[in-house]
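Asks: mind looking at a prediction? Sequence and model below.
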Amino acid sequence: MNGEPAHVGQRIQAGDKVRVSGRLVNLRFASRLPRVLIYHKPEGEIVSRDDPEKRVSVFDKLPRIRGGRWIAIGRLDFNSCGLLLFTSSGELANRLMHPRYGLERDYAVRVLGELSDEAAAQLKAGVQLEDGVARFLRFQEAGGEGANHWYDVTLAEGRNREVRRMFETVGVTVSRLMRVRYGPIRLPSNLKRGQCRELTPAEVEQLLKVLKAAGPAPEAGKNPEKSAA
């Protein structure tokens, strides 16, 4: 190996040159990149493997993974839809959910009725919830007609049912909630409801670069995210 006699137990890594009887061996190394899956969750599916009510689970729709299991990155409520991420790596899941990174989440929100200017200002400035103050980083009208009005909003955290609770605080009921972005990953426009797509190795590497630039990894198991939707 590398011009020297090999010995039992010797480790080989990428870049090493191994010859057997003078012939160069073509080395192949299995990818150690975590797998990441994008899923377009429809309403009416639960993000859990164990449901006493036996409702349809998002895990029933995912491809099988050999030698491991899919881990949900954050959650979406039973009545919410949109972008849901899964990974084969617990460490990556923890990094993506940890508040340290402040990964933004974009939601398309349909409400019954129209918000007053005062209510919109409150949501942008911050409203008091039972678990602390919450505010939208971005808040923009997105059209609508009749009793239904749409808004595009952005959060940088994932507290339980946070989006719905914020609108309820100003007296408005959310009738539909769809997540369209999680950090650098957007819901593909051509990915239909109930379908999934695995990120390519290049896309996974780009995701890891974004997280690396944000800082060191947090301690595993700390501050797990709940559903903001």
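Replies: Structure received.

Asks: where is the longest strand in this protein?
Replies: strand 173-182 (DSSP state E).

Asks: for that one, which positions count as buried?
Replies: Under the neighbour-count criterion of 16 or more other Cβ atoms under 10 Å, strand 173-182 has V174, R176, L177, M178, R179, R181, Y182 buried. For the C-beta atoms, the positions are set from N, CA and C on the backbone; glycine is no exception.

Asks: in CSV, list these along with pLDDT and distance to R11.
Replies: Putting those into CSV (pLDDT from 0 to 100; distance: Cβ to Cβ, whole Å) gives the following:
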residue, pLDDT, distance to R11
V174, 95, 55
R176, 96, 54
L177, 97, 50
M178, 97, 48
R179, 97, 43
R181, 97, 41
Y182, 95, 37
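
Asks: could the residues you listed be laid out in CSV, adding distance to A125?
Replies: Shown next, in CSV, are the buried residues of strand 173-182 (distance: Cβ to Cβ, whole Å):
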residue, distance to A125
V174, 19
R176, 25
L177, 22
M178, 25
R179, 23
R181, 23
Y182, 25
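
Asks: contact partners for L191?
Replies: I38, H40, R197 (Cβ atoms under 8 Å, 6 or more residues apart in numbering).

Asks: D152: which of these is nearest?
Replies: Nearest to D152 among the contacts of L191 is H40, at 18.0 Å by Cβ to Cβ.

Asks: now do the SS call for that closest one.
Replies: strand (DSSP: H, G, I helix; E, B strand; the rest coil).

Asks: now do D60
Replies: Look at D60: counting by three-state DSSP, its state is helix.

Asks: which pLDDT value belongs to it?
Replies: Here the pLDDT value assigned to D60 is 92.
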